[in-house]
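K.L.:
need a structure here:
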Amino acid sequence: MDVGRFRTGLEARLAGPVALVQALLPLIREAGGRLVWIVTPAIIPTPYVASIHACDFAANCLARTLDIELKRWAIPVIMVRCGGIQTAAVGKTYAELEEQLRSWPPERLALYEQALRQWQEEMAAFDRRRTPPEAVAEVVGRALSAPRLRRRYSVGHMARAAAFLEALPQGLADAILKARA
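P.N.:
You can find the predicted model right below:
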């Protein structure tokens with residue numbers, strides 16, 4: 001994990017959205033609006049992308065906490081939980097991986113290269129099944145306009161499977177994921 005990129009991710013994925021909510025909350029309160037957080041089913045540990053999923057786990061926590069804190073003003077917090085979505089981040093992840101592998105000393109490369117190459121192949125298969133981003137926009141539109149809102153929506157490749165894993169006891173979910181490793 002590149003700690004500098006991790007810090008940047010924390011800022012973009014957590015501090016930025018919190019600052020935006022703080023800035024807009026008076027207007028949302030006045031309008032009787034809703035907050036929509038686009039998150040992942042992130043409490044599922046995923047090897048080699050912990051820096052991304054740690055941010056997503058925290059975003060889930062922030063959204064759920066805000067839902068409790070904003071209850072007194074009847075401001076619902078809705079989570080749109082995304083599975084695999086076609087974004088530019090996919091290509092950036094592969095480019096960053098290649099950059100890291102080229103820069104690593106031979107002893108680190110010997111420890112991780114095989115596992116990372118296998119992960120890369122598995123992700124390439126996953127990437128071919130990713131959902132177009134327009135599907136997320138449709139779900140957000142429904143979440144914002146539904147007369148009877150739901151607190152959680154799922155969209156994207158494997159989103160429902162991830163939600164199922166997330167609903168299992170943590171020890172069982174971890175055992176399933178470890179068996180795949």
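K.L.:
From here on, just use CA atoms for contacts and neighbour counts.
P.N.:
Will do.
K.L.:
Need the residues that contact the longest helix that the chain contains.
P.N.:
The longest helix of the chain (DSSP state H) is helix 106-127. Contacting residues not belonging to helix 106-127 are listed as 48, 84, 86, 90, 94, 101 [CA atoms under 8 Å, 6 or more residues apart in numbering].
K.L.:
Compute the distance between the residue most central in space within the chain and residue 72, please.
P.N.:
Nearest to the geometric centre of the chain sits residue 40, at 3.2 Å (CA atoms, centre = their mean). Distance, residue 40 to residue 72, using CA to CA, to the nearest Å: 26 Å.
K.L.:
Bridging across strands, which residues link to residue 35?
P.N.:
Under DSSP bridges, the beta-bridge partners of residue 35 are residue 77.
K.L.:
any idea how far it lies from residue 28?
P.N.:
Using CA to CA, we find residue 35 at a distance of 8 Å from residue 28.
K.L.:
which residues does residue 156 contact?
P.N.:
Residue 156 touches 82, 83, 84, 85, 130, 131, 132, 135, 136, counting by CA under 8 Å, 6+ apart.
K.L.:
any weak-confidence spans in this protein?
P.N.:
Within the chain, the stretches with pLDDT under 70 are 42-43, 181.
K.L.:
and if we set it to 80?
P.N.:
1, 41-49, 88-91, 93, 177, 180-181 (pLDDT under 80).
K.L.:
What are the boundaries of the helices in it?
P.N.:
Using DSSP H, helices in the chain cover 3-10, 16-31, 50-69, 89-103, 106-127, 133-145, 159-167, 170-180.
K.L.:
For residue 152, which of the ones you listed is the nearest?
P.N.:
Taking CA to CA, helix 133-145 is the member of the helices of the chain nearest to residue 152, at 8.8 Å.
K.L.:
So which other helices or strands are in contact with the closest one?
P.N.:
Based on contacts counted as 3 or more CA pairs under 8 Å, 6 or more residues apart in numbering; DSSP states H and E, the elements that helix 133-145 packs against are strand 35-39, strand 77-82, strand 152-155.
K.L.:
now that helix against strand 35-39, angle please.
P.N.:
150 degrees (axes from the mean of the first three to the mean of the last three CA atoms, to 10 degrees).
K.L.:
distance between helix 133-145 and the chain's centre?
P.N.:
16 Å (CA atoms, centre = their mean, to the nearest Å).
K.L.:
picking that back up, which of residue 35 and residue 28 has more residues huddled nearby?
P.N.:
residue 35 (20 against 15; other CA atoms under 10 Å).
K.L.:
That one against residue 80, yeah?
P.N.:
No - counting by CA atoms under 8 Å, residue 35 sits too far from residue 80 to count as a contact (10.5 Å).
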